[in-house]
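S.K.: starting from these lines, generate the structure:
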Amino acid sequence: MYSEDYDKQSKRYPDDSDEDENEHHAKKRRRRSSSNSDVEDEQRASFSQSSSQDNDSQDETDRFNSSRIQTFYNATNFLENSVTEKEENISSKSFSDVTGSSPVKNSQKSTVLKGSVAERMMKKWGYQTGAGIGKELQGRAEPVATSTQKGRRGLGLELKELEFVTEDFDPREEVVEIPEKIEWIENELENAPNEEELKSWVELRKYGPRPKKIDNETTFCDASIVRGIVNAKSAFDRLDKNEMREARTRSNPYETIRKSIFLNRAAVKMANIDKACDFMFTKFKLPPDEPLYFADVCAGPGGFSEYVLYRKKWRAKGFGFTLKNENDFKLHDFHAGPSETFHPYYGPKDNGDVYDPENQTAFAMLIDKQTSGVHFMMADGGFSVEGQENIQEVLSKQLYLCQCLVALMTVRPGGHFVTKVFDLFTPFSAGLIYIMYRCFKKISIFKPNTSRPANSERYLICQEKLEDTTDVMSYLYDVNKYLLENNEERDILELVPEKIILKDSQFYNYLKSSNEELGKKQIVGLKKIAVYTEEKELIELRQKDVREQCLKHWELPDEPRPVARRSNPQNKAQELLGDHINILQNNSYKNSKKLTLENSQFIRQNPNDWFCVPCAYNVEESAPGGSNDDGPTFYLGLGKTSVYRWIQGRWMPFNNPGVELPRDTLVYAEWVLEMRREDRAQSKTYALHIIDALCLGGENISQKFLTERHRLIKMFCKAIWKPVDRSTAPVRVKKLIPVDNAIRQNLQLSTKRMKNGANKLCYAPTRRDYENDNEDTYYYPLGSVIFFKATQEPWHRHWGNREKKMYLYNIESRSSIWETPDIAGVNFAQTIKNQLVWNYPSGKDLSMDDLSQMIHHYNSRKR
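M.R.: Predicted coordinates for the structure are as follows:
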């Protein structure tokens with residue numbers, strides 16, 4: 001009741017009439033007191049802290065005025081603090097806009113605005129600055145402090161160590177560079193360490209108890225920086241992990257880059273590293289017929305691999321090795337690149353343990369059978385060290401070593417290697433970096449922007465492996481076997497004697513400088529997180545701009561991650577074929593023109609313009625064990641095992657298990673029953689043999705010259721080949737045989753005895769170097785031969801006697817060229833439309849002797 005009256009009166013009186021106002025209210029109060037004592041008691045209880053029932057009117061007025069002062073004092077203080085907080089927020093955000101951070105608030109504002117109306121009124125009522133507000137100036141002289149509770153921390157929990165870290169944080173120390181610099185150190189020696197040198201290291205290297213701390217590891221980094229990192233990390237020991245994670249998200253300028261279009265952040269890190277190295281990984285100089293081979297070790301769920309496949313599509317083939325099950329590759333989540341060209345492997349023990357020597361050897365042998373070594377290897381191994389962050393380097397030493405060992409076992413000479421490491425303070429880590437420095441032409445210790453500033457993570461990048469590193473492999477292999485014994489009291493403390501490293505001043509100075517520079521940045525990053533932990537309203541205002549700049553620099557799209565959707569085969573075929581959609585209806589293998597002696601003039605005119613491929617299917621008699629639907633037809637790949645086959649005028653799911661084709665693949669192929677061995681020992685398996693292709697993994701090759709299309713199909717089949725996976729059916733490319741004098745020898749026909757005792761004339765293709773699926777050569781009964789014309793008018797192919805190779809001749813312009821331009825060739829649709837089928841050897845109209853004689857006559861006439 002009184003408060004409402006007071007509000008109306010306070011608006012009515014000017015500032016200089018406070019004394020009259022007090023007298024007015026005192027008289028009003030006394031009148032109410034004499035007329036109703038019950039009301040008086042109720043109002044006294046509402047506005048006075050005293051329980052006295054003194055009826056003296058003057059004392060009552062004094063008590064009332066004291067209560068009024070207290071009420072006004074608190075209200076003014078509350079409003080003033082609110083205004084102050086808003087002003088500080090505005091100031092903080094303005095500062096952050098300029099520097100990328102925000103200042104720490106560490107000053108208390110005065111209780112009442114100096115010179116304000118409230119202060120003058122209170123002084124008139126007897127208030128003295130610095131004294132209490134009771135009748136005798138007793139009581140609190142300062143307002144009740146605001147709550148210092150931080151988020152969801154335990155009540156009363158004070159993290160003094162965290163407050164200490166925030167005191168000397170200077171946001172100007174933080175460096176944001178786009179692009180960040182990368183520094184290399186070149187190996188001036190031509191050869192890797194040999195057996196003799198390595199033996200001398202064994203004799204001199206130190207053993208001892210496994211380190212429990214790294215504070216004293218100051219040989220390769222300044223002592224103050226090592227202590228600064230340890231102390232800054234320790235400041236977060238008692239902090240809730242969620243609170244720290246939330247502060248880290250707000251403070252890191254690069255945080256909103258996140259995983260971009262990939263399945264995790266690791267993929268974006270690899271994009272960052274690849275760009276920093278001028279795309280030396282994904283733009284490796286390759287032979288024209290070879291895909292980019294890479295290995296991805298300790299890398300589940302596969303972000304590194306998804307990035308490489310995003311860049312190279314099916315033109316890259318990956319070999320993966322990681323822990324099985326919970327840390328496995330998530331190939332079904334590879335939306336940015338085709339997982340069909342990636343092959344996970346888990347070793348003979350089927351566990352993916354990189355520490356196991358048997359697994360290491362088996363993985364290297366697998367790659368050796370398929371390739372001449374991978375062009376590069378990536379490793380991103382790590383494990384939780386919660387509660388032991390300060391000795392992460394010590395705990396990870398064997399992981400460091402095994403990743404480097406596998407790289408030396410699998411990377412070809414001239415290839416590259418990149419692996420994640422953490423702190424590099426101990427002699428063991430320094431020695432391992434020194435060994436890799438001696439095995440490659442140059443190395444770099446690099447922390448990409450995508451690696452959070454406050455952690456110890458960095459990457460060792462090694463460029464161009466030297467020729468002979470066999471002795472080093474054996475040395476590291478033996479060290480790993482010793483570490484597997486897990487002797488904590490006699491651990492290997494050095495891989496390379498310290499004096500050897502110190503003697504190489506170039507390497508020592510590089511490593512020490514790197515450790516100190518990255519250590520300073522890490523300390524700044526940790527301090528910044530501490531500040532943002534204490535000040536919940538601070539935000540990093542540069543995150544949006546940094547994200548846009550980084551993605552543009554790394555040549556990545558700034559768009560959401562694509563969502564995998566099932567495609568309709570009819571719509572996808574229409575999309576891929578476009579104007580050539582009619583070939584589905586009008587150009588089936590069964591309706592193709594048959595090659596006979598009478599119509600062989602197509603080939604007699606110029607046999608060099610023609611090629612042929614052997615097939616198992618015969619129109620007149622289906623392939624043994626097959627069906628009438630097994631002849632050459634179109635196959636459409638929508639990703640993984642989602643494959644469709646064109647049969648009887650529609651797309652039907654190809655339910656034969658194990659065939660995988662990358663999304664947006666359309667090929668003309670034959671489902672072949674392959675045989676191995678003879679008689680009762682004969683075994684049979686199916687495989688898909690590609691004859692020609694319109695589109696491979698989204699790459700349209702339909703307009704290329706026939707021989708060029710086959711070159712790409714070979715590479716495609718090489719990339720999707722599964723070396724040891726028995727659950728998938730092989731996908732092979734048909735051999736494209738030129739129609740020349742050697743056609744009889746090229747068809748390689750021989751008689752084989754079937755399981756039922758019958759003899760068949762069979763075709764046995766030459767095995768390709770990567771097709772090591774079985775020791776026994778496969779074959780199949782020859783059912784027919786398909787002929788394709790490669791050139792279109794006015795171009796023809798001719799043999800150059802001097803150069804000993806084919807050239808193209810234009811009969812209109814009378815010009816000759818050695819290349820095979822696309823304009824001279826027949827596209828995919830015309831090739832399939834004009835195919836000629838020779839039912840050999842069952843056909844009676846044209847024999848092999850007739851064909852050979854016809855070709856020989858043409859070539860003799862040309863000479």
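S.K.: can we go C-alpha only for contacts and neighbour counts from here?
M.R.: Fine.
S.K.: would residue 295 count as being in a strand?
M.R.: Yes. Residue 295 forms part of a strand when assessed by DSSP: H, G, I helix; E, B strand; the rest coil.
S.K.: what sits against it?
M.R.: 318-321, 374, 376-378, 410 (C-alpha atoms under 8 Å, 6 or more residues apart in numbering).
S.K.: nearest to residue 638, of those?
M.R.: residue 318 (20.3 Å; C-alpha to C-alpha).
S.K.: how about the contacts made by the closest one?
M.R.: Residue 318 touches 293-296, 305, 341-343, counting by C-alpha under 8 Å, 6+ apart.
S.K.: need the max-distance pair from these.
M.R.: Across those (C-alpha to C-alpha), the longest gap, 12.9 Å, separates 296 and 341.
S.K.: average pLDDT for the helix or strand where residue 732 lies, rounded please.
M.R.: Taking DSSP states H and E as the definition, residue 732 sits inside strand 731-733. Here the mean pLDDT over strand 731-733 is 95, rounded to a whole number.
S.K.: gap between residue 444 and residue 497?
M.R.: With distances taken as C-alpha to C-alpha, to the nearest Å, residue 444 is found 22 Å from residue 497.
S.K.: more neighbours: those two, which one.
M.R.: residue 444 (22 against 19; other C-alpha atoms under 10 Å).
S.K.: can I assume that one sits in a strand?
M.R.: Yes. Residue 444 forms part of a strand when assessed by three-state DSSP.
S.K.: that one and residue 476: what is the separation?
M.R.: 21 Å.
S.K.: okay, now the domains of this protein?
M.R.: According to automatic domain parsing, the chain comprises the domains 2-146, 171-553, 569-790+825-862.
S.K.: need the least confident one among these, by mean pLDDT.
M.R.: Among those, domain 2-146 scores lowest, at a mean of 50.
S.K.: quick one on the thing from earlier: now the contacts of residue 318 as TSV including distance to residue 734?
M.R.: Compiled in TSV, the contacts of residue 318 are given as follows (distance: C-alpha to C-alpha, whole Å):
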residue	distance to residue 734
293	23
294	26
295	28
296	31
305	29
341	19
342	23
343	23
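S.K.: may I ask which of those residues has the most neighbours?
M.R.: The residue in these with the most neighbours, by other C-alpha under 10 Å, is residue 305 (32 neighbours).
S.K.: my read is that residue is in a strand, agree?
M.R.: No. If the criterion is three-state DSSP, then residue 305 is helix and not within a strand.
S.K.: isn't it right up against residue 297?
M.R.: No. Residue 305 lies out of contact with residue 297 (C-alpha atoms under 8 Å); the separation is 9.9 Å.
S.K.: between these two, which contacts overlap?
M.R.: Common neighbours of residue 305 and residue 297 (C-alpha under 8 Å, 6+ apart) do not exist.
S.K.: the residue sitting nearest the centre point of the chain is in what secondary structure piece?
M.R.: Centroid-nearest residue in the chain, with C-alpha atoms, centre = their mean: residue 267, separated by 1.5 Å. Using DSSP H and E, residue 267 maps to helix 265-276.
S.K.: same check, this time on residue 459
M.R.: Counting by DSSP H and E, residue 459 is found in strand 458-465.
S.K.: just give the nearest non-adjacent residue to residue 268, would you?
M.R.: residue 259 (6.0 Å; C-alpha to C-alpha, 6 or more residues apart in numbering).
S.K.: list the residues that contact that neighbour.
M.R.: Contacts of residue 259 (C-alpha under 8 Å, 6+ apart): 265-268.
S.K.: wait, a strand at residue 413?
M.R.: Yes. Assessed with three-state DSSP, residue 413 lies in a strand.
S.K.: please enumerate residues in contact with the helix or strand residue 837 falls within?
M.R.: Using DSSP H and E, residue 837 falls within strand 836-838. Residues outside strand 836-838 that contact it (C-alpha under 8 Å, 6+ apart): 592-596, 784-788.
S.K.: surely residue 682 touches residue 754?
M.R.: Yes. The criterion here is C-alpha under 8 Å, and residue 682 meets it with residue 754 at 7.2 Å.
S.K.: pick out whichever of those two has more residues nearby.
M.R.: residue 754 (18 against 13).
S.K.: you'd agree that one is up against residue 675?
M.R.: No. If you go by C-alpha under 8 Å, residue 754 and residue 675 don't touch, sitting 9.1 Å apart.
S.K.: between those two, which contacts overlap?
M.R.: residue 682.
S.K.: residues contacting residue 733?
M.R.: With C-alpha under 8 Å, 6+ apart, residue 733 has these contacts: 689-691, 710, 713-714, 717.
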